[in-house]
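Chemist: need the 3D shape of this:
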Amino acid sequence: MPTLAPQPTIVEQAYRAILDAICEGRLEPGERLTQESVAAKLAVSRQPVGQALLLLKQQKFLVEAGRRGLMVAPLDRDFMRWIYELRLGIDPLAASLAARRGGASLRERGEAIVDEGKRAVREGGVPELIRADMAFHMLLYEASGNRLFVDTMGQLWNHLRRAMREVLLQRDYRRAIWAEHAEILRATVAGDAEGAAALARAHLVSAAQNVAIALPPGK
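Modeler: Have a look, this model is predicted:
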């Protein structure tokens, strides 16, 4: 018998639709959501929407809005700083491990992602830029051989998507990101563990500085 690919449940589809709307700015910080309004927009029943909203609240994408339900959480500079501090530990190590494990195997996939990112820079597509950026870093986490890097950063990356949307309004920085990615990839493919780690670290320091500039100050 042929194997069947699992289909996403209604809850998973609702969760992804709401999450993408938040991360892509179609639902702005402070915007209020109710089960009824979201269910009507998605043309589904309230129950799966309620489960999706609860999960998003647990993950800090939504916060309580009193009797009016939930609202999209504001961007939190401190939380973003904590994520980037974590990445400063993970990303250089992931690049180093990937280089040591045999970076040449990354060439084809990595170059395809870099090309996709550069194309998004030319065409001005911020959602496409963010997807390509996520794909590049997740490729390095995967290539490191450490499954915890993939799982941990996979959960946090959606918060980064929100911050990156603000940062990528700066057109010059868009080009710089993909020049840095290309350098990291070259060092990793060449098996230069120390060089890949140093480049990944510099890339993260630059990214964190740009996030701090773009995000509103904490209250």
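
Chemist: which element is the residue sitting nearest the centre point of the chain on?
Modeler: The chain has residue 157 as the residue nearest its centroid, 3.2 Å off, counting by Cα atoms, centre = their mean. Applying DSSP states H and E as the criterion places residue 157 in helix 147-167.

Chemist: SS state for residue 60?
Modeler: coil (DSSP: H, G, I helix; E, B strand; the rest coil).

Chemist: what's around it, how many residues?
Modeler: 11 (other Cβ atoms under 10 Å). The way it works is simple: take the backbone N, C-alpha and C, and place the C-beta from them, glycine included.

Chemist: same deal with residue 148?
Modeler: By the criterion of other Cβ under 10 Å, residue 148 has 10 neighbours.

Chemist: that one and residue 90: what is the separation?
Modeler: 9 Å (Cβ to Cβ, to the nearest Å).

Chemist: in the chain, where's the longest helix?
Modeler: helix 77-102 (DSSP state H).

Chemist: which elements pack onto the very next helix or strand once past that helix?
Modeler: Counting by DSSP H and E, the next helix or strand C-terminal to helix 77-102 is helix 107-123. When contacts are defined as 3 or more Cβ pairs under 8 Å, 6 or more residues apart in numbering; DSSP states H and E, helix 107-123 sits against helix 126-144, helix 171-189.

Chemist: and the first one, what other elements does it pack with?
Modeler: Helices and strands in packing contact with helix 126-144 are listed as helix 77-102, helix 107-123, helix 147-167, helix 171-189; criterion 3+ Cβ pairs under 8 Å, 6+ apart.

Chemist: out of the helices and strands packed on helix 107-123, which one sits most buried?
Modeler: Using mean count of other Cβ atoms under 10 Å, the stretch among the helices and strands packed on helix 107-123 with the largest mean neighbour count is helix 126-144, at a mean of 20.

Chemist: and the contacts of it?
Modeler: 23-24, 90-91, 93-95, 97-98, 101, 103, 105-106, 109-110, 113-114, 116-117, 119-121, 149-150, 153-154, 157, 160-161, 164-165, 168-169, 174, 177, 181, 184-185, 188, 200 (Cβ atoms under 8 Å, 6 or more residues apart in numbering).

Chemist: list buried residues within those.
Modeler: Among the contacts of helix 126-144, those classed as buried by 16 or more other Cβ atoms under 10 Å are 23, 90-91, 93-95, 97-98, 103, 106, 110, 113-114, 116-117, 120-121, 149-150, 153, 157, 160-161, 164-165, 168, 174, 177, 181, 184-185, 188, 200.

Chemist: good, wrapping up.
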